[in-house]
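Visitor: Whatever this is, show me its structure:
(one chain, ligands or ions: 2)
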Amino acid sequence: MKTLTIAKPDDWHIHLRDGNALPRTVNDVAGWAQRAIVMPNLVPPVLNAAAAMAYRQRILAARQPQHQHFEPLMILYLSDKTTIEDVTEAATSPHIHGIKLYPAGATTNSEAGVNDLTYLYPVFEAMEKHNLPLLIHGEVTDSDIDIFDREKIFIDRFLSKLVTDFPGLRVVFEHITTTDAVEFVAEARDGVAATVTAHHLLYNRNDLLVGGVRPHYFCLPILKRNSHQESLRKAVISGNPRFFLGTDSAPHAKAAKESACGCAGCYTAHAAIELYAEVFEAEGALPLLEGFASHFGADFYDLPRNTETITLVKESRTVSDTFTMGDETLIPLRAGELLNWRIRQ
Ligand code: NCD
Ligand code: ZN
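Guide: Ligands and ions are numbered 1, 2, ... in the order given. The predicted structure follows:
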């Protein structure tokens, strides 16, 4: 039987939500990951170190006994009101690993995000000084810009300038979806990296739209055309350490997804490493999975690589049709369909 043993992965971009969603989300990701960068787009958002520490405790408390190893890595939410003091406080905390920039209105719970980047230049300067990474949702929000072009235009209008204006600022371009983003990151100065989701590697906009709208493939940034998907697949199997694993697993209740105005987000935490393994196997690049999933992100964040391992076995299993998340029903990615790999327990 085909097996693959790799250092335990980490997830460098995940949404765990809060309250009674945590037992589901935390224990799903802890089933395959040692650590995860936890997105701060709660309601209200995680704006300062005190809020991050309280959220961290709620996550730790949700871990089942077999998942006590799991470590949440906290992130602050950048708003127009973020101060230099907020940055200093975050930088001195061993549990806070960056600040997330959401352009206001770009995605779920981003209303409190940033309206004017230039206004925040003193904050970026402080982050550069304290070596605190800036994590970016890289899409413009202008109503006249086509949703499929929003990532590219963000690079042209904002990202290029930002990485030039702050040459020492470490930047993660989150959940990249286009050839343009792959090229930008590959050619950027040192200290610029990107996360790539499993769903953007596995699917494109045909999966979302051909034959009917499939709301469980709707996420932001939206799935792009297959040539962009192809660029992402080439990037992750290139062995370039600037590209590393970030699932962007983002649960929304079934009713909120299957709606006249459905929420954006794909839930992959239950099977993320198996999904990535499928991609690397199909590309004939399984030996490159470990760097992408388990080494490059830790190196970027200046954290030790994990010493434990997990073993993946080439054996299919069917994903449940539905999960429960608190009082709600959740439809996971691949619901009722096969996965080709499983984790040996
Ligand atoms: C995320 C969410 O639901 O919080 N949704 C998504 O489609 N990815 C927000 C985000 O990361 O954009
Ligand atoms: Zn996200």
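Visitor: Paired strands for the lengthiest strand in the chain, with orientation please.
Guide: Secondary structure assigned by DSSP state E gives strand 309-318 as the longest strand of the chain. When sheet partners are counted by DSSP bridges, strand 309-318 sits next to strand 3-7 (antiparallel), strand 338-343 (antiparallel).
Visitor: Rebuild these as TSV, extending it with distance to ligand 1 and mean pLDDT.
Guide: For every residue, glycine as well, the C-beta is placed using N, CA and C. Output for the strands paired with strand 309-318, formatted as TSV (distance: least, C-beta to the nearest ligand atom, whole Å; pLDDT from 0 to 100):
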stretch	distance to ligand 1	mean pLDDT
strand 3-7	26	98
strand 338-343	21	98
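Visitor: okay, these in CSV with mean neighbour count and distance to residue 102 next?
Guide: CSV is the format used below for the strands paired with strand 309-318 (neighbours: other C-beta atoms under 10 Å; distance: least, C-beta to C-beta, whole Å):
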stretch, mean neighbour count, distance to residue 102
strand 3-7, 16, 31
strand 338-343, 16, 31
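Visitor: do you know which of those strands lies nearest residue 304?
Guide: Evaluated over these, closeness to residue 304 peaks at strand 3-7, with 10.7 Å, by C-beta to C-beta.
Visitor: And the next helix or strand past that closest one?
Guide: strand 11-14 (DSSP states H and E).
Visitor: elements contacting that following strand?
Guide: Here strand 11-14 touches helix 22-30, strand 35-38, strand 243-245, going by 3 or more C-beta pairs under 8 Å, 6 or more residues apart in numbering; DSSP states H and E.
Visitor: Including mean pLDDT, mean neighbour count and distance to residue 107, could the ones you listed go into TSV?
Guide: Shown next, in TSV, are those (pLDDT from 0 to 100; neighbours: other C-beta atoms under 10 Å; distance: least, C-beta to C-beta, whole Å):
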stretch	mean pLDDT	mean neighbour count	distance to residue 107
helix 22-30	98	23	18
strand 35-38	99	25	16
strand 243-245	99	26	20
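Visitor: Turn those into JSON lines, columns for distance to residue 86.
Guide: Formatted as JSON lines, these follow (distance: least, C-beta to C-beta, whole Å):
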{"stretch": "helix 22-30", "distance to residue 86": "25"}
{"stretch": "strand 35-38", "distance to residue 86": "17"}
{"stretch": "strand 243-245", "distance to residue 86": "26"}
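Visitor: Output those in CSV, with distance to ligand 1 appended to each entry.
Guide: Output for those, formatted as CSV (distance: least, C-beta to the nearest ligand atom, whole Å):
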stretch, distance to ligand 1
helix 22-30, 11
strand 35-38, 11
strand 243-245, 15
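Visitor: Ok, which of these comes nearest residue 126?
Guide: Closest to residue 126 of these is strand 35-38 (C-beta to C-beta; 20.2 Å).
Visitor: Not counting its own residues, what contacts the closest one?
Guide: Contact with strand 35-38 is made by 10-16, 29, 55-56, 59, 70-75, 97-98, 135, 246, 301, 303, 306, as judged by C-beta atoms under 8 Å, 6 or more residues apart in numbering.
Visitor: one step back: now whichever helix or strand comes after the longest strand of the chain: mean pLDDT?
Guide: Note on strand 309-318: by DSSP H and E, the next helix or strand toward the C-terminus is strand 323-325. Averaged over strand 323-325, pLDDT sits at 98.
Visitor: Now find how far off-centre strand 323-325 is within its chain.
Guide: Offset of strand 323-325 from its chain centre (C-alpha atoms, centre = their mean, to the nearest Å): 21 Å.
Visitor: before we move on, what about stretch 19-31?
Guide: With C-alpha atoms, centre = their mean as the basis, stretch 19-31 stands 16 Å off its chain's centre.
Visitor: Stretch 57-64 now?
Guide: That offset, for stretch 57-64, works out to 20 Å (C-alpha atoms, centre = their mean).
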